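>>> coords please:
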Amino acid sequence: MSQVGAARPRKRRRRRSLLALVLVVAVAALTGAARPRDKFDRRSGRLESALLRALRAQHFDQVVDFGPIEGACPGSSWCPSPAPVIAHTPNIDLAVIALDDEGRPRAVADVLLSRDYPAGVGVPVGDDLGTDDVRWRRWNPDRWNGGTFSEQDGSKATTVGWKDDPPLRPADDIVPGREKAPLEFMAPYPASMFKLMVAFHTLRLVDRGAIDLDRPYRYDPPDGPAMTRTTRELLDRMITESDNDSARALIKQIHDLGQMDALNAGLRDLDLTTLQVNGTDPASGADWGIGQITMTSLDTARLLLLVNGAPGVLWRTPAGKPVRADVLSPGSRRLFLGLLADQGWNDVLTTANWCGRSYPTPGIPSGVAARWVDPDTGTVTVAGKAFGADVRPCNAAAEVSFAHKTGFTYNYLADAGIVRSRNGEDGDYIVVMMSNLGYRYTDPRQAGATKPVCSDDPAQDTGVCYTEKFAALGRAVDDIVRR
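Below is the predicted model:
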């Protein structure tokens, strides 16, 4: 009796222990604690919440607007003075991938700001690091402006609605089949950011032996002028100083090889469906149409994740295909990363080119590549733009490196890159920002300007082209991920 009675509690304890173990495993599976190697921690929402707070804190709805006619205001007699505050909350797409010490994603978030979501909204992100929950719309400047305007006096010529007059159509979708998506967002034109796609496919062709990096390529467009440079030189100029002639030459080379459709197909095959280059001219590589060339921040961040490189499967496509960094050879990735590290335009998420000035505010605490720094004065000149600030103190104090690419026009502004800590600590990350806040928009302190605030001639203006709110956002993102 005593032996039988003593054995029963031990059996019940074993059953309770087994049940507890099953519950622990089940909870771990639900929370992601036992996630497979190719998944990531996105479930807490902490990164998303922090990015939303940072985005809201900048008050982008308070920038001022010089108007839809480029080059007209300030300066023309009919321009309002001071420039008015922006009429609507701008469209901003901000994505961040926090990396572990192997370069693999440990947290991912994408947040959107627009007139539809003036307080910002988080984007649901799947195990493929992408999303099916946004109906991405092609940018339409007339819808943003509310119509078209006379270049003679700025008066409104026609009226166009944000989503009606005329109504949006399926042709406005960047990715088809998203009619039931819970979110909708008109993706700003990426401007020169799209050169990332051109470089990526060019290097894939190099890896396949279709292009020799050091063989001269003759670019002879119908409207001239002609030039002959190696692909390596063209890539360097296109990425580091955003040279448009070099970009057109590389696009024409892709057309010459019959590879433009393959560029888009290759990105779709990697599940980077919003990254598209359409409508370019095969004879010149020009015609970079708004709405035809598209990018979103989350897909661009995933593209940079491939360029940065990491072991194993980084994500799987909806069809289950594993995507790894070996889509580019190690040599091509090193070249690409080196070009991004030599970026000359450091005046958006980082403002290192303006080192030491009270305006604009400091951004991501990175430095400036030595190739742009005058050894005698420490000042930076990129593609004729003289910044005039001694950047050597900021280079000495830089906490991170920022290998990145900007895109900028009158109506659009973007910055995307890979941030690495210089002290060996954790906190590396990828950040991508796309917006419709080009140098048409500025900070209230410049609202009373009587001539353009963005010029290559320092004698004419302050030279600060973009609202410093993006630098403040860059610094906030850096604090969130690294601190």
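>>> Retrieve the pLDDT associated with Ala414.
Per-residue pLDDT puts Ala414 at 98.
>>> do the same with Tyr189
Listed pLDDT for Tyr189 reads 98.
>>> what residues are up against it?
Tyr189 makes contacts with 139, 290-291, 293-294, 409, 411-412, 436, as judged by C-beta atoms under 8 Å, 6 or more residues apart in numbering. C-beta coordinates here come from the backbone N, C-alpha and C atoms, glycine included.
>>> Same question for Arg237.
Listed by C-beta under 8 Å, 6+ apart, the contact set of Arg237 reads 229, 243, 245-246.
>>> Angles on the backbone of it, please.
phi -70, psi -40 (degrees, to the nearest 10).
>>> Could you check the pLDDT of it?
Arg237 carries a pLDDT value of 98.
>>> got it, and Leu19?
At Leu19, the predicted lDDT confidence score is 42.
>>> still on that earlier bit, out of the contacts of Tyr189, which are buried?
139, 290-291, 293-294, 409, 411-412, 436 (16 or more other C-beta atoms under 10 Å).
>>> picking up where we left off before, including secondary structure and distance to Ala447, could the contacts of Tyr189 go into TSV?
Output for these, formatted as TSV (DSSP: H, G, I helix; E, B strand; the rest coil; distance: C-beta to C-beta, whole Å):
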residue	secondary structure	distance to Ala447
Trp139	coil	25
Ile290	strand	27
Gly291	coil	30
Ile293	strand	32
Thr294	strand	32
Thr409	coil	21
Asn411	coil	18
Tyr412	coil	21
Asn436	coil	19
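>>> Lys252 and Met260 touch, don't they?
No: assessed by C-beta atoms under 8 Å, Lys252 is found out of contact with Met260, at 9.9 Å.
>>> Check the burial of Arg334 by counting its neighbours.
Using other C-beta atoms under 10 Å, Arg334 has 13 neighbouring residues.
>>> Next one: it, what pLDDT does it get?
Arg334 is given a pLDDT of 98.
>>> three-state assignment of it?
Here Arg334 is recorded as helix under DSSP: H, G, I helix; E, B strand; the rest coil.
>>> Can you tell me which of the contacts of Arg237 has the most neighbours?
Neighbour counts for those, by other C-beta under 10 Å, peak at Ser246, which reaches 25 neighbours.
>>> what's the pLDDT at that one?
pLDDT, Ser246: 98.
>>> cool, and Arg218?
pLDDT, Arg218: 98.
>>> In three-state terms, label it for me.
Applying three-state DSSP: Arg218 is strand.
>>> got a list of what it touches?
Residues near Arg218 by C-beta under 8 Å, 6+ apart: 226-228.
>>> next one: Met238
Listed by C-beta under 8 Å, 6+ apart, the contact partners of Met238 are 195, 198-199, 246-247, 250.
>>> how about the strands in the stretch 1-150 of the chain?
Applying DSSP state E, counting those that start in this stretch to the stretch 1-150 of the chain gives strands spanning 64-65, 92-99, 105-113, 121-122, 134-138, 147-149.
>>> meant to ask about the stretch 301-450 of the chain
Per DSSP E, counting those that start in this stretch, the stretch 301-450 of the chain carries strands over the ranges 315-316, 322-323, 381-382, 385-386, 400-408, 413-421, 429-435, 441-442.
>>> returning to that earlier point: which one of the contacts of Arg218 has the most neighbours?
Using other C-beta under 10 Å as the neighbour test, these are led by Met227, with 16 neighbours.
>>> give me phi/psi at it?
Taking degrees, to the nearest 10, you get phi -150, psi 160 for the backbone angles of Met227.
>>> what about the closest residue to it other than its chain neighbours, distance to Ala98?
Closest residue to Met227 apart from its sequence neighbours, by C-beta to C-beta, 6 or more residues apart in numbering: Tyr219 at 5.3 Å. According to C-beta to C-beta, to the nearest Å, Tyr219 stands 40 Å off from Ala98.
>>> tell me which helix or strand of this structure sits lowest on mean pLDDT?
helix 2-31 (a mean of 39; mean pLDDT, DSSP states H and E).
>>> where in the stretch 301-450 of the chain is pLDDT low?
Of all residues in the stretch 301-450 of the chain, none has pLDDT under 70.
>>> Helices along that one, start to end?
Under the criterion DSSP state H, counting those that start in this stretch, the stretch 301-450 of the chain contains helices at 330-341, 392-397.
>>> among those helices, which is the most enclosed?
helix 330-341 (a mean of 18; mean count of other C-beta atoms under 10 Å).
>>> Nearest to Glu399 among the buried ones among the contacts of Tyr189?
Distance to Glu399 across these (C-beta to C-beta) is lowest for Tyr412, with 28.8 Å.
>>> so who does the closest residue to Val85 other than its chain neighbours touch?
In space, and not counting its chain neighbours, Val85 is closest to Val64: 5.7 Å by C-beta to C-beta, 6+ apart. Contact analysis of Val64 by C-beta under 8 Å, 6+ apart lists 82-86, 441-444, 446-447.
>>> make it 6 Å
Val64 is in contact with 83, 85, 442, 444, 447, counting by C-beta atoms under 6 Å, 6 or more residues apart in numbering.
>>> And the buried ones among these, selectable in ChimeraX?
Buried subset of these, written as a ChimeraX selection, criterion 16+ other C-beta under 10 Å:
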select :83,442,447
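>>> can you pull the pLDDT of the residue nearest to Thr273 when sequence neighbours are not counted?
Excluding the flanking residues, the one nearest Thr273 by C-beta to C-beta, 6+ apart is Val175, at 4.9 Å. The per-residue pLDDT reported for Val175 equals 98.
>>> From Thr274, how far out is Val175?
Remark: distance between Val175 and Thr274 (C-beta to C-beta) = 6 Å.
>>> Also Pro176?
Distance of Pro176 to Thr274, given as C-beta to C-beta: 12 Å.
>>> Name the residue in those two with the higher neighbour count.
Legend: neighbour count by other C-beta under 10 Å for Pro176 and Thr274, higher for Thr274 (20 against 10).
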